[in-house]
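**Student:** any chance you could fold what I've pasted below:
(one chain, ligands or ions: 1)
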Amino acid sequence: MQPTSDERSLGFWNGSGPSGGDVLAMKIGIPKERRDDERRAAASADTVKRYKGLGLEPVVEAGAGEGAAVSDQAFADAGAAISPDGAAWDAEIVLKVQRPTDEELARLKQGQVLIGMLDPYNSREQVDAYAKAGVTAFSMELLPRTTRAQAMDVLSSQANLAGYKAVVDAMAAYGRVMPMMMTAAGTVTPAKVFIVGAGVAGLQAIATARRMGAVVTATDVRPAAREETESLGAKFVGFVPSDAATKGGYARPLTPEEQAEQAKMVAEHLKTQDIVVTTAQIPGRKAPRIITAEMVRSMKPGAVVLDMAAESGGNVEGSVLGETVTVGGVKLVGAKNLPSLIAPATTVLYARNLLNFVTLLIDPKSKELKIDTGDELIKGTLLTQGGAVVHDAFKPAA
Ligand code: NAD
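**Tutor:** Take a look at the predicted model:
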């Protein structure tokens, strides 16, 4: 058995094959996340144990699980080697939550497999850097949203919990109560909550607000969202262009006429709402602007608008990423990395998503990497391979 060029360049090959001696088990590295405000980890104690079961050697950087309430000891007990230095970056497979920092980019090695939320639409130049480094990079956000992909779908697992956290945070910023309260001193009316965008995050936000006793309405532009909203006991408001869903199941941008019609509805509805959570996104583009400054000024004092799209440009005019600003008595919360704020919970799901994906890449018999680009989930996420950008959405035009 001959080493591949990738194996040689990484120095993973120990010079002997099955007939001549041992082949080193492949290492899977989990470095500590270094970006600001990122507390999640790319593995949990449970997934480390399962990687061992797959025949891999997990190497976890000391402190990698700190923000997610997983101690080094818990990782070690699950079978990981804990490295105080950068050994996790020397592994054949490196698991990340967020895209590498510039320092981390410099650590990438030829033939290495990098898996994470690499944010390629907003970090196009990094895609070229992976190719230049000879890295086989997979971006988990690009996973096709098929039934088979569900167990690996990081956007869904993280958005789901983020939708919950958005409502919890909006409620905390709201100076009143969510449910109706009937007391001897009188009745407190329930909060009116409006969810804009009833996708994965929005549906969880609807369910959470309903559980807390609020009166919930929601809007979206995809026809399927109406029934999903109503099945959760919320009222659907607004208009839905019949062709607003793309083949991939996402929303398309609205035409200026459609935008004007939506704005009319939103402007009227907002005047009576106490809490608004906006989640609207168009993949690969700036988030649609749905609430204008003028609409905010028309809202009741004490109302809260939490903008979950603040990181991708914002659904709400005037919202500031990572800050709460008050405009005419209305609090605008520019949500920043909500999944990280509940890292112990989101890490469990994210780690599982990656485990399920890595399982696709490992040949169960030989325990070696087998990247089958005929598999739509692998092809759909594979950004770079063999020194080139190979993903259809990012490769240079022919
Ligand atoms: P997303 O994050 O891209 O967008 C969030 C929501 O905003 C979407 O519901 C979208 O329709 C809505 N939106 C966009 N522009 C809007 C506008 N101008 N006004 C109001 N709402 C607007 O979407 P997502 O949450 O990732 O979900 C996208 C789709 O994928 C949904 O249909 C979801 O059910 C589907 N999905 C399928 C699977 C699966 O089958 N495996 C898994 C996850 C999601």
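
**Student:** quick one: residues contacting the residue of the chain at minimum distance from the ligand.
**Tutor:** Here the residue of the chain nearest the ligand is residue 199; by Cβ to the nearest ligand atom that distance is 2.2 Å. Where you see a C-beta, it was placed from the backbone N, CA and C, and this is true even at glycine. By Cβ atoms under 8 Å, 6 or more residues apart in numbering, the contact list for residue 199 reads 159, 220, 222, 225, 279, 281.

**Student:** which ones among those residues map onto helices?
**Tutor:** 159, 225 (DSSP state H).

**Student:** from the contacts of residue 199, which are also near the ligand?
**Tutor:** Contacts with the ligand within these, counted by Cβ under 6 Å from any ligand atom: 159, 220, 222, 225, 279, 281.

**Student:** what subset of these is buried?
**Tutor:** The neighbour-count test (16 or more other Cβ atoms under 10 Å) marks 159, 220, 222, 225, 279, 281 as buried among those.

**Student:** measure stretch 138-152 end to end?
**Tutor:** This stretch, stretch 138-152, spans 12 Å end to end (Cα to Cα, to the nearest Å).

**Student:** who touches that stretch?
**Tutor:** 113-120, 153-156, 248-249, 352-354, 356-357, 360, 376-378, 380-383, 391, 393.

**Student:** what sits against the spatially most central residue of the chain?
**Tutor:** The residue lying closest to the centre of the chain (Cα atoms, centre = their mean) is residue 155, at 4.1 Å. Residue 155 makes contact with 140-141, 143, 145, 200, according to Cβ under 8 Å, 6+ apart.

**Student:** give me the phi and psi for the residue of the chain closest to the ligand.
**Tutor:** Dihedral angles of residue 199 (phi, psi; degrees, to the nearest 10) stand at phi -90, psi -150.

**Student:** now swap in residue 146 and tell me
**Tutor:** Torsion angles, degrees, to the nearest 10, at residue 146: phi -100, psi 170.

**Student:** now the buried ones among the ones next to the ligand among the contacts of residue 199 as a markdown table including pLDDT and distance to residue 179?
**Tutor:** Below are those laid out as a markdown table (pLDDT from 0 to 100; distance: Cβ to Cβ, whole Å):
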| residue | pLDDT | distance to residue 179 |
| --- | --- | --- |
| 159 | 98 | 25 |
| 220 | 97 | 25 |
| 222 | 95 | 30 |
| 225 | 95 | 25 |
| 279 | 98 | 23 |
| 281 | 95 | 30 |
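
**Student:** and which of these is nearest to residue 237?
**Tutor:** Distances from residue 237 to these, taken as Cβ to Cβ, are shortest for residue 220 (10.0 Å).

**Student:** ok, now which ones touch the nearest residue in space to the closest one that is not next to it in sequence?
**Tutor:** Excluding its sequence neighbours, the residue lying closest to residue 220 (Cβ to Cβ, 6 or more residues apart in numbering) is residue 198, at 4.2 Å. Contacts for residue 198 (Cβ under 8 Å, 6+ apart) come out as 206, 218-220, 225, 228-229, 236, 279.

**Student:** repeat that with 6 Å
**Tutor:** If a contact means Cβ atoms under 6 Å, 6 or more residues apart in numbering, then residue 198 has 218, 220, 225, 229 as its contacts.

**Student:** is the first one in a helix, a strand, or coil?
**Tutor:** Classification of residue 218 by DSSP: H, G, I helix; E, B strand; the rest coil places it in strand.

**Student:** tell me how far it lies from residue 109.
**Tutor:** According to Cβ to Cβ, to the nearest Å, residue 218 and residue 109 sit 47 Å apart.

**Student:** alright, that wraps it up for me.
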